[in-house]
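*Asks:* Predicted model and sequence follow; I will ask about them next.
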Amino acid sequence: MSYNSFAEYYDGLMEDARYPERCRYILDIARRFGHDMGRTLDLCCGTGSLTLELARNGVDVFGIDRSGEMLSEAMQKSIAEGRHILFAKQSMERLRLPELIDTCVCTLDSLNHLTDIGDVRSTFERLARSMKAGGMFIFDVNTVYKHREVLADNVFVMENERVFCVWQNFPREDDITDIALDFFVEENGVYTRFSEDFSERAYSGEELEKLLDEAGFDVAAVYGDLSFEPPGADEQRAVYVAVKR
C-alpha cells in the first residue's frame with residue numbers, strides 16, 4: 001500500500017486521530033513501566049504527525065514508512081518547524097536499522113495492513129533484532145470485532161474543505177477487509193476523482209501474543225485504545241505493550 005493519492009489529504013481527514021493525546025498516552029505507558037524512551041522509532045510514521053508530537057516532548061525519534069509520498073509530507077512538516085528528524089523509506093516486514101533502538105511505536109492500525117501473517121512474524125523478528133534488551137514495543141491494531149461488526153460491508157463518508165472521500169469496505173475470509181477509497185477534489189467547479197485500494201487483516205490476541213513470544217518479546221499489557229483498562233468485547237482498537245527479552 002502506498003497511499004499515493006491519500007498522502008496529500010491524509011492529515012485533514014485524520015483529525016480524529018488525536019495525536020497530542022496519543023503521544024501523551026504513549027509517554028504515560030512508558031512511565032508506568034519505568035521505561036526510558038531513549039532512541040525511538042515511529043514505525044509506519046505516515047505524514048509524521050505522531051513523530052513530531054514525540055519530538056516536541058523531547059523524545060529522540062525518527063520515522064520509517066513505505067510510502068515516499070507520506071514521507072515527503074512528513075519531511076515538509078518537520079522542516080517547517082525547524083526540526084531535523086530523520087525519515088527513511090522502508091517496509092516494516094523488511095526492517096533493517098543501522099543501530100539498536102530503545103523503543104518502537106506503531107500506531108493507528110498500521111500492522112493490520114499486513115494481510116499475510118508471515119509478514120507480521122517477519123516484522124516482529126526484525127524489530128526484535130533491532131532493539132536493545134529491555135526495549136519497549138508499543139503498538140495498536142484494529143480488532144476482529146471492528147472488522148466484523150464496524151467495517152463489515154459498510155460505507156463511510158469523510159469530507160473537509162479540500163476533499164470529499166468515500167470509504168467502502170468489502171469483507172472476505174480470514175478477517176481480511178478490502179478497502180476502496182475514492183477522493184473527489186473540486187477546482188473551479190470541476191471535480192477530479194482519485195482512487196486508492198488496499199486491504200487490512202484483523203489478528204486475534206492469541207495470534208499476536210504467540211508471534212511476539214516467538215520473536216523474543218514478553219507482553220507486559222494489553223489495553224483498550226487510549227485507556228489503561230483491558231479491551232472490552234466491543235473494543236475497536238487494542239494497544240499492546242511488549243518488552244524485548
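*Replies:* Structure received. Numbering: from 1, shown residues only.
*Asks:* per-domain residue ranges of the chain.
*Replies:* Following automatic domain parsing, one finds the domains of the chain at 6-144+203-244, 146-200.
*Asks:* Just name the most buried of these.
*Replies:* domain 6-144+203-244 (a mean of 18; mean count of other C-beta atoms under 10 Å). For every residue, glycine as well, the C-beta is placed using N, CA and C.
*Asks:* related to what we said a few turns ago, can I get the domains of the chain in a markdown table with mean pLDDT?
*Replies:* Below are those laid out as a markdown table (pLDDT from 0 to 100):
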| stretch | mean pLDDT |
| --- | --- |
| domain 6-144+203-244 | 95 |
| domain 146-200 | 91 |
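*Asks:* Do you have the helices of the protein handy? List them.
*Replies:* With DSSP state H as the criterion, the chain has helices at 6-13, 19-32, 49-56, 68-80, 117-129, 144-145, 205-215.
*Asks:* Compare the ones you listed and report which one is nearest to residue 101.
*Replies:* Checking those against residue 101 by C-beta to C-beta gives helix 117-129 as the closest, at 8.6 Å.
*Asks:* residue ranges for the strands of the chain, please.
*Replies:* Ranges of strands in the chain, per DSSP state E, are 39-43, 60-65, 87-89, 101-106, 131-142, 155-159, 164-172, 176-187, 190-201, 217-224, 237-244.
*Asks:* Nearest to residue 230, out of the helices of the chain?
*Replies:* Per C-beta to C-beta, nearest to residue 230 of the helices of the chain: helix 205-215, 10.2 Å.
*Asks:* As CSV, could you dump the C-alpha coordinates of the closest one?
*Replies:* The C-alpha trace of helix 205-215 is given here as CSV (Å, rounded to 0.1, in the frame of the first residue of the first chain):
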residue,chain,number,x,y,z
GLY,A,205,-4.9,-11.6,20.6
GLU,A,206,-3.8,-15.2,20.7
GLU,A,207,-2.1,-14.9,17.3
LEU,A,208,-0.3,-11.7,18.1
GLU,A,209,0.9,-12.8,21.5
LYS,A,210,2.2,-16.1,20.0
LEU,A,211,4.1,-14.2,17.3
LEU,A,212,5.5,-11.7,19.9
ASP,A,213,6.7,-14.5,22.1
GLU,A,214,8.4,-16.4,19.3
ALA,A,215,10.2,-13.2,18.2
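*Asks:* Check the offset of it from the chain's centre.
*Replies:* 18 Å (C-alpha atoms, centre = their mean, to the nearest Å).
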